[in-house]
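Engineer: Just need the structure, nothing else, for what follows:
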Amino acid sequence: MSIKPIKQQPIKDLLLVLATLFILKWLLLQFDVTWTLAGPISLLSALAVATWRLKRQGQSWGDLGLTYTGSKLSLTLWTLGALVSTILIGNIAQSLASQLIPETTSIDQSNLDAMSNRFINVPGNFLVYFFWIVVAWVIGGVTEELLFRGFLINRFEKVLIKIPFAIAIAIVLQALIFGQQHMYYQGWVGFAATGVIGLLSGVIYVFSRRRLLPLVISHGLANSLGLTLMYLGVQT
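Structural biologist: Next comes the predicted model:
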């Protein structure tokens, strides 16, 4: 009995999107003027490529779960569940990682300062606060969830379809990439914390019948909460 070859389309999709994500980000990180914007620009560019690949195949983000077909109650419960669980587990993971990972492997202080300075004017400044709220929703809430949970999980699963536990491996792979994308300013501790959040979000995505909207909303709310605490001077 002959073994059917894996379809090349999902592989091509992955290569194009991941190449955009990694290569463009690496290039932007080489210059001080674009360093702090490397993440958002590379993410939006990768999302554009993913959208193009979907359209080429007659698909949309709705096909990957952006269109919510359940009840409002179901949406609310999944959103609250995702919000509470990701914040709780993320904080636990970060705390454990901070204790277990040696300081010598953590982020360079100059990089940390560069990223922190982005938010230096947030406390007490409503216009700056509002600007970052918009960015937090567009990049974190929408872009990251569509790209990592929606696109990467589904494409990895298609590539690995003939392997046992393909969906589990797909969830782990996108979580590893999600964590890696935060390393340039959060180091190994950030990699561990965001990787765990990506893993949990991937599980929620699959168990919610591949619905992206609860994750988009919960991610945006979590980012907004952090920025609001910063705006009020409760968190630096």
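Engineer: only C-alpha atoms for contact and neighbour calcs from this point on.
Structural biologist: OK.
Engineer: Contact partners for the residue most central in space within the chain?
Structural biologist: Nearest to the geometric centre of the chain sits residue 144, at 3.7 Å (Cα atoms, centre = their mean). Neighbour list for residue 144: residue 43 [criterion: Cα atoms under 8 Å, 6 or more residues apart in numbering].
Engineer: tell me the SS of it?
Structural biologist: The three-state label given to residue 144 by DSSP: H, G, I helix; E, B strand; the rest coil is helix.
Engineer: who touches stretch 127-142?
Structural biologist: Residues outside stretch 127-142 that contact it (Cα under 8 Å, 6+ apart) are 40, 43-44, 121-123, 215-221, 223-224, 227-228, 231.
Engineer: chain center to it, what's the gap?
Structural biologist: 14 Å (Cα atoms, centre = their mean, to the nearest Å).
Engineer: swap in stretch 157-166?
Structural biologist: Going by Cα atoms, centre = their mean, where stretch 157-166 is centred and where its chain is centred differ by 22 Å.
Engineer: that older thread, for residue 70, see how far away the residue nearest to the centre of the chain is.
Structural biologist: 22 Å (Cα to Cα, to the nearest Å).
Engineer: ok, now residue 210?
Structural biologist: 12 Å.
Engineer: The two: who's more crowded?
Structural biologist: Applying other Cα atoms under 10 Å to residue 210 and residue 70 shows that residue 210 carries more neighbours, namely 21 against 9.
Engineer: right, and the more buried one touches residue 64 too?
Structural biologist: Yes - Residue 210 is within contact range of residue 64, at 6.9 Å (criterion: Cα atoms under 8 Å).
Engineer: Can you work out which residues contact both of those two?
Structural biologist: With Cα under 8 Å, 6+ apart as the test, residue 210 and residue 64 both reach residue 150.
Engineer: what separates residue 124 from residue 222, distance-wise?
Structural biologist: Taking Cα to Cα, one finds residue 124 at 20 Å from residue 222.
Engineer: Please read the previous query as pertaining to residue 88.
Structural biologist: In terms of Cα to Cα, residue 88 sits 11 Å off from residue 222.
Engineer: Looking at the two, which is more packed in?
Structural biologist: Between residue 88 and residue 222, counted using other Cα under 10 Å, residue 222 has the larger neighbour count: 20 against 12.
Engineer: residues touching the more buried one, list them.
Structural biologist: Residue 222 touches 83, 87, counting by Cα under 8 Å, 6+ apart.
Engineer: Check the gap between it and residue 128 for me.
Structural biologist: 18 Å.
Engineer: Kindly report the same for residue 185.
Structural biologist: 21 Å.
Engineer: For these two, work out which one has more neighbours and name it.
Structural biologist: residue 185 (23 against 16).
Engineer: give me the element the more buried one is part of.
Structural biologist: Residue 185 is located in helix 183-207, with elements delineated by DSSP states H and E.
Engineer: Then residue 46?
Structural biologist: helix 38-56.
Engineer: Give me the nearest residue to residue 233, chain neighbours excluded.
Structural biologist: residue 123 (5.6 Å; Cα to Cα, 6 or more residues apart in numbering).
Engineer: Run a quick neighbour tally on residue 168.
Structural biologist: Around residue 168 there are 15 residues (other Cα under 10 Å).
Engineer: Since that was my last question, I'll sign off now.
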